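*Asks:* I would like to see how this sequence folds:
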Amino acid sequence: MVYDWTNIQSQTGMLKILFDQNFNHRIIRGLAKRISNFDFETTQSLNRENEKDPKLLELASEMKRVTAAHDFETFPAFAYQKMSKGENIFGVVWIPADMPIGNAVDELEIVIICSEENEYENRVEYLPLGLT
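*Replies:* Have a look, this model is predicted:
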């Protein structure tokens, strides 16, 4: 299902995203087609594709971007580890690598458009929504 977010997009600030190096680019392209002013970076576009996950979390925080990742084994663990030390993260959204592309686009579109910039600070969100 494709939603018409035109009014919402013009009235709210959307999340800015940094996509991890292993993120499925078909999902990114789907989001870019749906969200006219989608503000995102990839590790590849920043020439940071070999950066370790803790450094990516720091970079995302510096850039005020939520990190989107498929890597369940390490990314959430690093995020929780940083937060347990009292260090801030700008947020992580974890998307299962095996989630169907259309579902991932639908879920991320809702998260990006319906969330305020600081809403994910020191938070890890798991998709699909309602999973936790």
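*Asks:* every contact and neighbour count from this point should use C-alpha atoms.
*Replies:* Will do.
*Asks:* how about the strands in the protein?
*Replies:* Applying DSSP state E to the chain gives strands spanning 17-19, 40-42, 66-69, 92-94, 124-126.
*Asks:* tell me the pLDDT at residue 90?
*Replies:* If you check residue 90, the pLDDT there is 95.
*Asks:* how many neighbours does it have?
*Replies:* Applying other C-alpha atoms under 10 Å, we find 24 residues neighbouring residue 90.
*Asks:* got the contact list for it?
*Replies:* Going by C-alpha atoms under 8 Å, 6 or more residues apart in numbering, residue 90 touches 57, 60-61, 64-67, 118, 120-123.
*Asks:* please redo it, this time with the cut-off set to 7 Å
*Replies:* Counting by C-alpha atoms under 7 Å, 6 or more residues apart in numbering, residue 90 touches 60-61, 64-66, 120-122.
*Asks:* got TSV for those residues, with neighbour count too?
*Replies:* Below are these laid out as TSV (neighbours: other C-alpha atoms under 10 Å):
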residue	neighbour count
60	23
61	18
64	19
65	27
66	28
120	19
121	16
122	18
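*Asks:* which ones among those are found in helices?
*Replies:* 60-61 (DSSP state H).
*Asks:* ok, the contacts of residue 90 vs residue 102, which is closest?
*Replies:* Using C-alpha to C-alpha, residue 66 comes nearest to residue 102 of the contacts of residue 90, at 20.7 Å.
*Asks:* what about the residue nearest to the spatial centre of the chain, distance to residue 127?
*Replies:* When C-alpha atoms, centre = their mean is applied to the chain, the residue found nearest the centroid is residue 68 (2.9 Å). Distance, residue 68 to residue 127, using C-alpha to C-alpha, to the nearest Å: 10 Å.
*Asks:* which residues do these two both contact?
*Replies:* Taking C-alpha under 7 Å, 6+ apart as the criterion, residue 68 and residue 127 both touch residue 94.
*Asks:* cool, thanks, signing off.
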